[in-house]
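K.L.:
Only the shape, not the letters, is given here:
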């Protein structure tokens, strides 16, 4: 139930954003549509939500089913009680930067977007105790470099008027950190408002992160992002 609540909570902003462009629809005279934009650079700040953390990566790391603990000093334990797991650290706030190219231009209606971005990943620290417990797990200084494509539906305004857009897409990326490297795939959706060359967007990204050290393991991150953009 907890995870369903998280999913609903992060999907609501996306669903709301996807209604922005149609809601702010404008009528243009022939030849009076806004000038096309072809490049957008962005800076983003986000809060990351973990998803199914007891399975990914905790179960992957201990190699056995685990369950959440209640009213204990640790967070999880294996179902036979032999290993106790304490999530010492999971940083939620992060930053990122990106660049988006619109090969056919962005003005009014649907278009293709190609995006590259670099984004912080959470610092993760997990301690294990008990019979057969693995060594402590550390992921620090991790950063994901992503490339992807998206379908964008825009309704830009001429001059400094208020415009809007919504998008949905996906892609893949590489993970590099102080301790280990890996790769990932992701899906992202959201939308925003713009005025002239400036814009603000709200997005939600579901990322499936894969690493192989110390064992093959995964973790899911769901950053809810507020993004400032400059387009030209």
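P.N.:
Happy to help now that I have it. Keep in mind that this is a model prediction, so the values were computed, not measured.

K.L.:
ok, so what distance separates the spatially most central residue of the chain from residue 224?
P.N.:
What sits nearest the mean C-alpha location of the chain, by CA atoms, centre = their mean, is residue 205, with 3.0 Å. Using CB to CB, to the nearest Å, we find residue 205 at a distance of 9 Å from residue 224. (Glycine included, C-beta is placed from N, CA and C.)

K.L.:
ok, back up a step: hmm, the residue nearest to the centre of the chain is touching residue 220, no?
P.N.:
No - using CB atoms under 8 Å, residue 205 is not in contact with residue 220, being 10.7 Å away.

K.L.:
Where do the helices of this protein begin and end?
P.N.:
Listed in chain order, the helices of the chain (DSSP state H) span residues 2-17, 20-23, 60-62.

K.L.:
what about this structure, any weak spots by pLDDT?
P.N.:
Counting by pLDDT under 70, the chain has low-confidence residues at 1-31.

K.L.:
hey, where'd the strands end up in it?
P.N.:
Along the chain, counting by DSSP state E, strands occupy 37-51, 66-68, 76-78, 83-90, 93-106, 108-120, 124-130, 137-139, 143-155, 162-176, 182-195, 198-211, 217-231.

K.L.:
so which of the ones you listed gets nearest residue 60?
P.N.:
In terms of CB to CB, the element of the strands of the chain nearest to residue 60 is strand 217-231, at 3.5 Å.

K.L.:
gap between that closest one and the chain center?
P.N.:
A distance of 3 Å separates the centroid of the chain from that of strand 217-231, by CA atoms, centre = their mean, to the nearest Å.

K.L.:
hang on, the earlier thing: would JSON lines of the strands of the chain with distance to residue 60 be doable?
P.N.:
Shown next, in JSON lines, are these (distance: least, CB to CB, whole Å):
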{"stretch": "strand 37-51", "distance to residue 60": "14"}
{"stretch": "strand 66-68", "distance to residue 60": "10"}
{"stretch": "strand 76-78", "distance to residue 60": "13"}
{"stretch": "strand 83-90", "distance to residue 60": "12"}
{"stretch": "strand 93-106", "distance to residue 60": "22"}
{"stretch": "strand 108-120", "distance to residue 60": "22"}
{"stretch": "strand 124-130", "distance to residue 60": "11"}
{"stretch": "strand 137-139", "distance to residue 60": "10"}
{"stretch": "strand 143-155", "distance to residue 60": "19"}
{"stretch": "strand 162-176", "distance to residue 60": "15"}
{"stretch": "strand 182-195", "distance to residue 60": "12"}
{"stretch": "strand 198-211", "distance to residue 60": "9"}
{"stretch": "strand 217-231", "distance to residue 60": "4"}
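
K.L.:
closest one to residue 57 among these?
P.N.:
Nearest to residue 57 among the strands of the chain is strand 217-231 (4.2 Å), distances taken as CB to CB.
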